[in-house]
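[1] Got a sequence here, can you build the structure:
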Amino acid sequence: MSAGDIISENDDVLIVFDEKRRFIVKARKEGVLGTDKGVVRLSDLIGKPYGSIVKTSRGIEVLILKPLPFDYSLLVQRVTQVIYPKDAGLMIYLSGIKPGSKIGEAGVGSGALTVMLASIIGDSGLLYGFDISEKSLENTKTRLERVDLINRVRLLKHDIREPVSLGETLDSFFLDIPDPWNAVNTVAGLIKTSGTLLVYVPTINQVEKTVLKLQESGCFTDIHSYEVLLREYKVDRDAVRPFTRMVGHTGYIIFARRIKCNLGT
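    Numbering: from 1, shown residues only. This is a model prediction of the structure:
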């Protein structure tokens with residue numbers, strides 16, 4: 001067992017009570033997590049291996065795990081609407097990014113997708129994160145520092161609808177702003193030919209406007225639009241059924257590939 005498998009002071013810990021009660025806390029010598037199932041003393045977490053069981057003040061057993069990027073995206077306080085893991089997963093898969101990729105993201109918001117992307121590109125990769133909100137940039141910076149990924153990201157206060165020069169072209173770009181069609185020309189100038197563009201929008205009208213702009217630009221091909229519906233199943237012996245509630249519509253994903261074009265048009 002390596003040192004990273006043992007919880008140290010100030011490490012993040014995912015505490016799992018059940019399917020609905022999940023909390024991310026910091027292991028500390030002082031402080032508690034109070035719930036309807038009892039109190040968890042944060043000092044009790046220090047020195048325990050991830051994957052262990054601890055008990056609340058009421059004797060109820062809870063599981064302690066190392067948080068994953070998607071845990072942060074759903075459980076850490078949000079300042080904007082996040083891209084859900086089911087959507088982020090498809091976007092990342094379609095993007096083709098890998099360790100060493102140079103990528104961009106506009107509309108970092110709460111930093112949920114930023115954390116997922118930074119965890120994939122590795123220390124040899126680089127993510128340029130754009131937002132016009134100082135608060136969003138500050139929250140994203142804090143979240144990246146919390147998971148020790150800030151060295152992979154360069155946060156920039158800039159409106160991606162306006163031209164910007166990075167000194168290099170990018171393998172992929174993730175766009176999550178209210179009017180992505182107004183950023184198509186700028187983003188086209190940032191992505192290398194054959195690179196990928198992923199756009200996330202909540203309404204079908206935004207899909208139409210964005211796709212038409214991508215087609216008209218002459219800089220993109222292989223354009224597709226997707227919606228991801230996720231249904232979880234409850235599995236017991238001789239009784240397998242879908243959960244009554246499912247994660248339905250959250251947003252639409254637009255995929256496109258950059259091709260050689262006249263950026264002056």
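
[2] Go through the chain and flag its longest strand.
    The longest strand of the chain (DSSP state E) is strand 191-201.

[3] what sits up against the helix or strand just after it?
    Sequence-wise, the next helix or strand downstream of strand 191-201 (DSSP states H and E) is helix 204-217. Helix 204-217 is contacted from outside by 178-181, 184-185, 188, 197, 199, 201, 220, 223, 225, 252, 254, 256, 261, 265, using CB atoms under 8 Å, 6 or more residues apart in numbering. In short, each C-beta sits where N, CA and C put it, glycine included.

[4] again, 6 Å this time
    If you take CB atoms under 6 Å, 6 or more residues apart in numbering as the criterion, helix 204-217 is touched by 180-181, 184, 199, 201, 220, 223, 225, 252, 254, 256.

[5] For residue 176, see how far away the most centrally placed residue in the chain is.
    Geometric centre of the chain, nearest residue: residue 113, 2.0 Å, by CA atoms, centre = their mean. Going from residue 113 to residue 176 by CB to CB, to the nearest Å gives 7 Å.

[6] Looking at the contacts of helix 204-217, which are in strands?
    Using DSSP E, these in strands are 199, 201, 220, 223, 225, 252, 254, 256.

[7] before we move on, the earlier item: sheet-wise, list the partners of the longest strand of the chain with their directions.
    If you go by DSSP bridges, strand 191-201 pairs up with strand 170-175 (parallel), strand 252-258 (antiparallel).

[8] Mean pLDDT and distance to residue 128 added to those strands, as JSON lines?
    Below are those laid out as JSON lines (pLDDT from 0 to 100; distance: least, CB to CB, whole Å):
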{"stretch": "strand 170-175", "mean pLDDT": "98", "distance to residue 128": "7"}
{"stretch": "strand 252-258", "mean pLDDT": "97", "distance to residue 128": "16"}
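
[9] Only the buried residues of stretch 9-18, if you could.
    11-15, 17 (16 or more other CB atoms under 10 Å).

[10] got a pLDDT number for the most far-flung residue of the chain relative to its centre?
    For the chain, the largest distance from the centre (CA atoms, centre = their mean) belongs to residue 238, which lies 36.4 Å off. Residue 238 carries a pLDDT value of 91.

[11] Pull up the gap between it and residue 231, please.
    Residue 238 is 20 Å from residue 231, by CB to CB.

[12] still on that earlier bit, the residue nearest to the centre of the chain contacts residue 84, doesn't it?
    No: using CB atoms under 6 Å as the test, residue 113 is too far from residue 84 to be in contact (9.8 Å).

[13] and which of the contacts of helix 204-217 is nearest to residue 58?
    residue 252 (44.5 Å; CB to CB).

[14] Spatially, what comes nearest to residue 176 if we skip its sequence neighbours?
    Counting by CB to CB, 6 or more residues apart in numbering, residue 107 is the residue found nearest to residue 176 once chain neighbours are left out, at 3.9 Å.

[15] Next, count neighbours for the closest residue in space to residue 132 that isn't next to it in sequence.
    Closest residue to residue 132 apart from its sequence neighbours, by CB to CB, 6+ apart: residue 159 at 5.0 Å. By the measure other CB atoms under 10 Å, the count of residues near residue 159 is 15.

[16] again with residue 122
    Residue 122: 13 neighbours (other CB under 10 Å).

[17] residues touching it, list them.
    Per CB under 6 Å, 6+ apart, neighbours of residue 122: residue 99.

[18] at 7 Å what do you get?
    Under the criterion of CB atoms under 7 Å, 6 or more residues apart in numbering, the neighbours of residue 122 are 99-100.
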